[in-house]
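# Provided below are the primary sequence and the corresponding predicted coordinates.
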Amino acid sequence: MAIIKAFKGFRPRPAIAGQLASRPYDVLNTAEAREEVQGNPHSFLHVVKPEIDLPESMSPYDDQVYTTGRDNFLKLVEKGDMVQDEMPALYVYRQQMDGQYQSGLVAAAAVADYLSGVVKKHELTRPDKEEDRRKHVRVSGINAEPVFFAYPAVDEIDEIVSQVQKDEPVYDFVAEDGIGHTLWVIQDMATIARLEQLFAEKVPFTYIADGHHRTAAAAGVGEEKQQANAAHTGQELYNYFMAVHFPDDQLRIIDYNRVVKDLNGLSETEFLAKVGENFDVEAIEGQYKPDQLHHLGLYLNGSWYRLEAHEGTYDDSDPVGVLDVSILSAQILAPILDIVDLRRDKRIEFVGGIRGLGELEKRVDSGEMKLAFALYPVSMQQLINISDTDNIMPPKTTWFEPKLRSGLVVYQFEG
C-alpha cells in the first residue's frame with residue numbers, strides 16, 4: 001500500500017505566485033527559457049533551468065549549473081519570496097484546462113515505495129537524463145519540481161479533497177497559456193492523518209504518469225543517502241520525495257505524434273504501396289485526427305491519409321501490442337523506414353499533441369521533415385495495464401496535459 005506524508009513545504013508569497021511558478025524544466029529548451037524569463041526575475045526557471053543565468057557557451061551539465069540552481073533557490077528564500085510552512089501540511093493542487101478540472105494531493109511519497117514497486121512505472125529512463133536530475137537533487141537538497149502520480153480513485157479521498165476546495169485558496173491564477181492553477185493548504189492534523197491512512201489502506205499502487213527521470217533521480221538520491229548514513233533510521237527527510245497524486249478518473253492523456261526526416265530511399269508511390277500491405281489507405285480532404293484505436297493519420301506531400309490497420313497486425317490481448325505506437329513501429333517504422341531504435345535514431349522526432357496537427361504540417365511543409373504520423377492517444381486504463389504487468393511503453397507514448405507548474409511547493413530534504 002502507498003505511503004504519503006505531510007511536509008513543511010516552501011511556497012511563494014501570494015503576491016508573486018503567478019510570476020514565480022514556471023513551466024517544468026523539460027518542456028522548453030534553454031533558448032526558450034531565456035526568452036520566457038525576460039522581465040520576470042521571480043521565475044522558478046532560474047532554479048530548474050539555471051543554465052539560463054550562465055554563458056551560452058557553458059555546458060548545461062557543468063557543475064556550475066547545479067550550484068547556480070541551488071543558489072538561486074536560496075536567494076528566493078533569503079529575499080522572502082519563498083517561505084517555509086511552519087507545520088507539516090498536505091496541499092490540494094487543482095488545474096483547469098478547456099473547462100476540465102483535475103485536483104491532486106501534493107504529498108511526500110516514500111523512496112521505499114519506489115524501490116519496492118508500489119510506485120509503478122511504464123517507461124525506461126535514459127541514464128544521462130537521470131543523472132542530470134540526480135545532480136540537481138544532490139546539489140540543491142530539494143525536490144524543486146513535483147512528479148506527477150496517478151492512483152486508483154477512492155471515494156473518501158475525493159470527498160475530502162472536494163471539501164478542502166470549498167475554503168479560500170492560497171493561490172488562484174491563470175498562467176499565460178490559459179491554464180488555471182489553484183492551491184489550498186491542509187494543516188488540520190485530523191484531516192492529514194485520515195488522508196495518510198486512506199492511502200495506506202485503500203491505495204495499493206501509485207503510477208508515474210509524468211516524470212520518470214525526476215522520480216528515479218529523487219528516489220536514487222534518497223537511496224544513496226540511506227546507504228551513506230550509518231545512523232539511518234528511516235525517518236529522515238531524504239526517505240521521501242514530492243509528488244502530486246491525482247485520481248486516475250480525472251486525468252486525460254493526449255496524443256504524442258511522430259515526424260520522420262525521409263522515406264528511406266523510397267518514392268512516395270513506393271512508400272504508400274508498402275504501407276498498403278498492412279493498412280487500408282484512404283486520402284482525406286483536410287486534416288485527419290484519428291478518432292479511434294488502430295486508425296493512424298499520415299501527412300505526406302501536403303496531403304492527409306487515414307490508415308486503418310488490418311486485423312492480424314496487432315494483438316488486443318497484449319498490453320503493449322494493442323497500442324497504436326506499437327503498430328506504427330512494427331508495421332511501418334521498422335520494416336519500411338528502417339527506424340528501430342526510437343531513443344537514438346536521429347531520423348525521427350516526437351511532437352506533443354498539445355501543439356496540434358498544424359505543427360505536424362509545419363514541420364513537413366518546411367522541408368525539415370518528410371512525413372508525419374498522428375496517433376490516437378493512449379488511455380489511462382492502458383497505462384495502468386502496462387504498469388501492472390511490468391511492461392514498458394515504447395518511447396514518447398503518453399503526453400499528459402496540463403503540465404504541473406514548478407515552484408508552487410518545494411520539498412527540502414537537506415539544507
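Cool, the structure landed. Numbering: from 1, shown residues only.
# need the contact list for the most centrally placed residue in the chain.
Note on the chain: the residue nearest the mean C-alpha position is residue 210, at 2.7 Å, using C-alpha atoms, centre = their mean. Neighbouring residues of residue 210 by C-beta atoms under 8 Å, 6 or more residues apart in numbering: 147, 148, 398, 400, 403, 404. Backbone N, C-alpha and C define where each C-beta goes, glycine included.
# Strands along the stretch 151-300 of the chain, start to end?
For the stretch 151-300 of the chain, the strands defined by DSSP state E, counting those that start in this stretch cover 171-174, 180-186, 206-210, 240-247, 253-254, 256-260, 279-284, 295-300.
# distance of residue 198 from residue 93?
18 Å (C-beta to C-beta, to the nearest Å).
# same question, residue 252
In terms of C-beta to C-beta, residue 252 sits 16 Å off from residue 93.
# quick one: which of these two has more around it?
Between residue 252 and residue 93, counting by other C-beta atoms under 10 Å, residue 93 is the more crowded of the two (24 against 14).
# Assess the claim that the more buried one and residue 181 are in contact.
Yes. Between residue 93 and residue 181 there is a contact at 7.4 Å, judged by C-beta atoms under 8 Å.
# Between those two, which contacts overlap?
residue 408.
# With respect to residue 235, which of the contacts of residue 210 is nearest?
Closest approach to residue 235 among the contacts of residue 210 (C-beta to C-beta): residue 147, at 21.8 Å.
# show me what contacts that closest one?
Per C-beta under 8 Å, 6+ apart, neighbours of residue 147: 109, 208, 210, 211, 214, 215, 218, 241, 242, 243, 244.
# any chance of the residues you listed in CSV, plus distance to residue 59 and pLDDT?
As requested, those are arranged in CSV below (distance: C-beta to C-beta, whole Å; pLDDT from 0 to 100):
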residue, distance to residue 59, pLDDT
109, 31, 98
208, 28, 95
210, 26, 90
211, 24, 91
214, 20, 94
215, 25, 96
218, 23, 95
241, 26, 97
242, 27, 98
243, 30, 98
244, 31, 98
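# Same list (those) but as TSV, adding distance to residue 86.
Formatted as TSV, those follow (distance: C-beta to C-beta, whole Å):
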residue	distance to residue 86
109	22
208	31
210	31
211	28
214	27
215	28
218	24
241	22
242	18
243	22
244	22
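# So among those, which ones count as buried?
For the contacts of residue 147, a burial check counting by 16 or more other C-beta atoms under 10 Å picks out 109, 208, 210, 211, 214, 215, 218, 241, 242, 243, 244.
# now the second one, which residues is it bridged with?
Right, the one you point to is residue 208. residue 149 (DSSP bridges).
# same question, the first one
The residues paired with residue 109 through beta bridges, assigned by DSSP bridges, are residue 4, residue 241.
# Touching, it and residue 149? I think so.
Yes. With contact defined as C-beta under 8 Å, residue 109 reaches residue 149; the gap is 6.9 Å.
# and for the two, which residues touch both?
119, 206, 243, 245.
# of all those, which comes closest to residue 15?
Nearest to residue 15 among the shared contacts of residue 109 and residue 149, with distances taken as C-beta to C-beta, is residue 243, at 27.2 Å.
# Show me the helices in the chain, by range?
17-20, 30-36, 45-48, 63-78, 111-116, 127-140, 155-164, 189-202, 212-228, 268-275, 324-328, 357-365, 380-388 (DSSP state H).
# What separation do you get for the nearest residue to residue 373 once chain neighbours are set aside and residue 25?
Nearest-residue entry for residue 373: residue 258, 4.6 Å, with adjacent residues in sequence omitted and distances by C-beta to C-beta, 6 or more residues apart in numbering. Residue 258 is 23 Å from residue 25, where distance means C-beta to C-beta.
# what sits against the closest residue to residue 139 other than its chain neighbours?
Closest residue to residue 139 apart from its sequence neighbours, by C-beta to C-beta, 6+ apart: residue 66 at 4.0 Å. Contacts of residue 66 were listed using C-beta under 8 Å, 6+ apart, and they are 50, 135, 136, 138, 139, 140.
# try 10 Å
50, 51, 132, 134, 135, 136, 137, 138, 139, 140 (C-beta atoms under 10 Å, 6 or more residues apart in numbering).
# Please apply the same query to residue 243.
Counting by C-beta under 10 Å, 6+ apart, residue 243 has contacts 4, 104-110, 113-114, 119, 143, 146-149, 206, 208-209, 211, 214-215, 218, 404, 411.
# 6 Å instead, please
Contacts for residue 243 (C-beta atoms under 6 Å, 6 or more residues apart in numbering) come out as 109, 146, 147, 149.
# Next, format these as a markdown table and append distance to residue 371.
As requested, those are exported to a markdown table (distance: C-beta to C-beta, whole Å):
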| residue | distance to residue 371 |
| --- | --- |
| 109 | 41 |
| 146 | 37 |
| 147 | 34 |
| 149 | 36 |
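# Please identify the one among the residues you listed that lies nearest to residue 12.
residue 146 (14.4 Å).
# what's the burial count for the closest one?
Residue 146 has 30 nearby residues by other C-beta under 10 Å.
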